[in-house]
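Q: dropping the sequence and predicted coords here.
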Amino acid sequence: MIAKTALVTGANRGLGLAFCKELAKRNYTIFALCRRASNELNAKNIHVHEGLDLNSAEQIKKIPTLFRSTNLDLVINNAAIGFDDCFDSIDTHGLLQQYNVNAVAPLLLSQALVPLMNLKSKIALISSRMGSISKNDIGKSYAYRMSKAALNMLGKNLSLDLKNKGIAVGVYSPGQVDTDMLRVLGTYSGRPPHDAASKILDLIDDLNLNNSGNFWHIDGSILPW
């Protein structure tokens with residue numbers, strides 16, 4: 001049996017590292033992209049490519065050259081950044097940086113990698129409940145919320161534009177996961193990353209062209225946009 005291949009962005013720690021570990025348990029060949037690899041990531045039997053800045057469109061364009069003869073079955077756009085803010089403390093640089101990494105980079109990366117994908121390949125976008133307009137009842141976190149709402153729109157668009165290529169697209173909210181980003185955004189408790197990664201991968205297993213383009217919460221329910 002030929003092992004499936006998966007590419008994970010933001011793989012050096014937290015949820016990205018957990019995705020790599022869980023995919024390894026499921027016998028995937030894994031390509032991990034990150035700015036700087038952690039010792040834990042390097043210790044795994046994973047193809048690690050570090051020094052990649054997803055805030056750079058030029059670097060994203062070069063990524064496919066790392067996988068010239070590879071067929072990708074799954075791409076998990078996990079890399080993201082988040083800074084807490086409120087109406088009175090908006091930082092334009094931080095806002096644009098989050099938008100570029102959280103929403104624009106997954107678009108450019110998908111565009112670059114689709115030629116390496118095939119019928120029944122899948123793209124997973126790791127979003128957040130904070131990207132749901134309907135579920136926003138406390139405000140704040142302007143840049144992060146706006147970037148994740150843009151990511152959600154990207155997922156819907158990709159699901160329509162890639163359907164004729166046989167590529168299914170899912171958008172996933174992992175809920176509160178115990179990561180450094182969660183603490184930056186002001187929350188100090190969450191589920192273990194390995195638990196979130198396992199549950200999201202179960203949902204990805206069920207992704208197909210018939211349910212492509214939905215926004216799933218980790219519990220399997222569909223979130224409103």
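A: All right, it came through fine. What you see is a predicted model, and the numbers here were worked out from it, not measured in a lab.
Q: low-scoring pLDDT stretches of the protein, where are they?
A: Low-confidence segments of the chain (pLDDT under 70): 1, 180-189.
Q: longest helix in it, please.
A: helix 142-161 (DSSP state H).
Q: packing partners for that helix?
A: Here helix 142-161 touches helix 92-99, helix 105-113, strand 117-126, strand 168-173, going by 3 or more CB pairs under 8 Å, 6 or more residues apart in numbering; DSSP states H and E. (Glycine included, C-beta is placed from N, CA and C.)
Q: for residue 59, which residues are in contact?
A: 52-53 (CB atoms under 8 Å, 6 or more residues apart in numbering).
Q: now it: how far from residue 9?
A: Residue 59 sits 12 Å away from residue 9, taking CB to CB, to the nearest Å as the criterion.
Q: picking up where we left off before, would you turn the helices and strands packed on helix 142-161 into JSON lines with distance to residue 4 and mean neighbour count?
A: Formatted as JSON lines, these follow (distance: least, CB to CB, whole Å; neighbours: other CB atoms under 10 Å):
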{"stretch": "helix 92-99", "distance to residue 4": "31", "mean neighbour count": "16"}
{"stretch": "helix 105-113", "distance to residue 4": "15", "mean neighbour count": "20"}
{"stretch": "strand 117-126", "distance to residue 4": "10", "mean neighbour count": "21"}
{"stretch": "strand 168-173", "distance to residue 4": "14", "mean neighbour count": "26"}
